[in-house]
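> my questions are about this predicted structure, shown below with the sequence.
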Amino acid sequence: MDRKKTYKVLLLLCFCLCTTFSFSQDSKQKALETRRQELRREIKKINELRLENQSKQKSQLSLIEDFNYKIGVLNNLIKVTNQQANLITREINSNQKKITKLREDLTHLKAEYAEMIVKSYKSKNEQSRIMFLLSSNDFKQAYKRLQYIKQYSDYQKQQGETIKAKTTELQQINAKLLKQKEDKQKLIAENRVTQKSLEAERKQQRVLMASIKENINRYTAQINQREREANRIDAEIKKLIREAIARSNKKAGKSSSATTFALTPAGRALAKNFESNKGKLGWPVDKGVVKVRYGTQPHPINRSLKIKSNGVRIATEKNAKVKAVFNGEVIAVVNMRNINPLVMIRHGNYITTYKNLSKVYVKEGDKVTTKQEIGEVFTNRITGETILSFSISKESATQNPASWIYKM
C-alpha cells in the first residue's frame, strides 16, 4: 500500500472513531437527561402527595419514610445532574480542541490558497498558457501539461471549497460550544436549588429523628407489630397460592402435593406472554411513588432492625383506582381480620397481589384484562395516606416488582 492510500485509510479510521465517540457522548447525555426528568417528575409527585395530606396528622414512622424517600430521590437527582455537567465539561474541552485545530487548518489552507491565487494571477495571461503548451517537446508532453493546468485549476476550486466547509464547521462548533456552556450553567443553577431543598429535608429529618430517639422502645414495638401484621398477610397469601396450585393439579389429574401449577396450553401461553412483558408491565395505579421497595432492608428509624418486604408499597392519591397489570383470572378476594381487602390474580403460573383496598370491583373466578379497574386503594382517614401494597410471585417464589413494572 502506497503512502497516499495509507493516509486515506488513517483519515477514514480517525473519522469513524470521532463519529463513534460523538455518538456515544450524545447517547449518554440523552440517557442522563431522561433519568433527570424522571427524577424531577418523581419529586413533583412526592410534593403533590404531601400537599394532599398536609392537613392530616401522619405518624412519625410514616413521616420518616417520607423524608428518607425524598432525600434519596434528591440525592439521585444531584448525582445525575453532576454527571450531566461533567459530561458537558468533557464535550466543551473536546470542542475547544476541535476549534483550535480547525483554526490552525484554516490558517494553513488560507495561506496556501493565497499563494496559489498569486501564482495563478501571474500566469493568468492566456498567451503564456499557450506558449507553455507549444513549448512541449512532443504531443505526450503537451497532453500532460494540459492535464496539469486542469488539475491545478481543480485543486484551486477544491481548496476554496475546503476553506468554506471548514469555516462552516468552525461556526457550527462555536455555536454548539456556546449552547453547551449555557446548558452547563443551567444544570449548576438547578443543582444549587436541589441542594438547598435536600438540606431543608435533612434538617427536618434530624429534628424528627431526635424526638423519636427519646421514645425508641415505643417505636420499635410499633415496627415489630407492623412486621407481624405483614407476615400474617404474607402467610395467608402463600397458603392461598398453595391451595390454587393443589386445585390446578387435581383438575389435571396430577398429585395435589406438587409445588407448581399444572398448566393448560392456554395457561402456558399466558405465562409465556407475561414473561415476555417483563420490565414493560403497567403500574397498578395511574399515579404513585414507591415508598418501600422489595427485599430485606434496615428500618429507617431503628437501623438495627431488619424488615422484609415481599413486594412494594406505593403511595398514591386519594380514591386511586387499582388496575390489573396483565390479563388473568381472579383466584382470591380476601378479607382478613383487621386487614383491608386484597385481590389475587393468576397469570399462568404467575400471581399478582393488590393489598390494602377499600373497594373491590371483582370476585373470585372473574377473568380480567390488562388495565382493568379491580378496586380502589384504601385511604387512612387519620393520616390521609393512600398506600397500595403490590407483589408478584412465580408460584410461591416472590419476585421483585421493580424488575417487572415499567420504570419502577
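Happy to help now that I have it.
> count the neighbours of Met336 for me.
13 (other Cβ atoms under 10 Å). To be clear about C-beta, it is placed using only N, CA and C from the backbone, and glycine gets the same treatment.
> am I right that it is in a helix?
No. Met336 is assigned coil when assessed by DSSP: H, G, I helix; E, B strand; the rest coil, not a helix.
> got the domain boundaries for the chain?
3-213, 216-403 (automatic domain parsing).
> in stretch 164-172, what counts as buried?
Buried positions in stretch 164-172, judged by neighbour count with 16 or more other Cβ atoms under 10 Å: 166, 170.
> hmm, who's touching that stretch?
Outside stretch 164-172, the residues that touch it by Cβ atoms under 8 Å, 6 or more residues apart in numbering are 99, 102-103, 105-106, 109.
> in the stretch 301-408 of the chain, where is pLDDT below threshold?
Scanning the stretch 301-408 of the chain for pLDDT under 70 picks out no residues.
> before we move on, what about the chain?
In the chain (pLDDT under 70), the answer is 1-23, 51-58, 116-134, 136, 143, 145-146, 148-150, 152-156.
> and the helices in the stretch 51-200 of the chain?
Taking DSSP state H, counting those that start in this stretch as the criterion, the stretch 51-200 of the chain carries its helices at 60-122, 126-134, 139-213.
> which of those is buried the deepest?
helix 60-122 (a mean of 15; mean count of other Cβ atoms under 10 Å).
> so which elements touch it?
helix 3-52, helix 139-213, helix 216-251, strand 288-292 (3 or more Cβ pairs under 8 Å, 6 or more residues apart in numbering; DSSP states H and E).
> wait, Ala332 touches Leu240, no?
Yes. Using Cβ atoms under 8 Å, Ala332 is in contact with Leu240, at 4.9 Å.
> any shared contact partners between these two?
Met344.
> quickly find the element holding Ile307.
strand 306-309 (DSSP states H and E).
> contacts for that strand, please.
223, 227, 230, 292-299.
> continuing past it, what's the next helix or strand?
Once the chain leaves strand 306-309, the next helix or strand it forms, by DSSP H and E, is strand 312-316.
> who does that next one pair up with?
The strands that strand 312-316 pairs with in its sheet are strand 288-292 (antiparallel), strand 387-394 (antiparallel) (by DSSP bridges).
> reformat these as a markdown table; add mean neighbour count.
Shown next, in a markdown table, are the strands paired with strand 312-316 (neighbours: other Cβ atoms under 10 Å):
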| stretch | mean neighbour count |
| --- | --- |
| strand 288-292 | 20 |
| strand 387-394 | 22 |
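> so what's the residue count around Gly365?
9.
> tell me the contacts of it?
329-330.
> returning to what we had before: now, which of the contacts of strand 306-309 sits nearest Thr386?
Distance to Thr386 across these (Cβ to Cβ) is lowest for Val292, with 14.4 Å.
> and the residue lying closest to the closest one once chain neighbours are set aside, how many neighbours?
Among residues not flanking Val292 along the chain, Arg313 sits closest, at 4.0 Å (Cβ to Cβ, 6 or more residues apart in numbering). If you count neighbours by other Cβ under 10 Å, Arg313 ends up with 20.
> can you check Ala246 too?
18.
> surely it is in contact with Ser256?
Yes. Shown here, Ala246 and Ser256 form a contact pair, counting by Cβ under 8 Å, at 4.4 Å.
> ok, Arg202 - contacts?
By Cβ under 8 Å, 6+ apart, the neighbours of Arg202 are Ile71.
> now it: how far from Ile216?
20 Å (Cβ to Cβ, to the nearest Å).
> then Glu275?
From Glu275 over to Ile216 (counting by Cβ to Cβ), the distance is 44 Å.
> again, but for Ile331
41 Å.
> between these two, point out the one with more neighbours.
Ile331 (20 against 12).
> in three-state terms, label the more buried one for me.
Going by three-state DSSP: Ile331 is strand.
> pretty sure it contacts Arg242?
No. At 11.6 Å, Ile331 does not count as touching Arg242 under the criterion of Cβ under 8 Å.
> related to what we said a few turns ago, distance to Tyr69 added to the strands paired with strand 312-316, as CSV?
Output for the strands paired with strand 312-316, formatted as CSV (distance: least, Cβ to Cβ, whole Å):
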stretch, distance to Tyr69
strand 288-292, 5
strand 387-394, 12
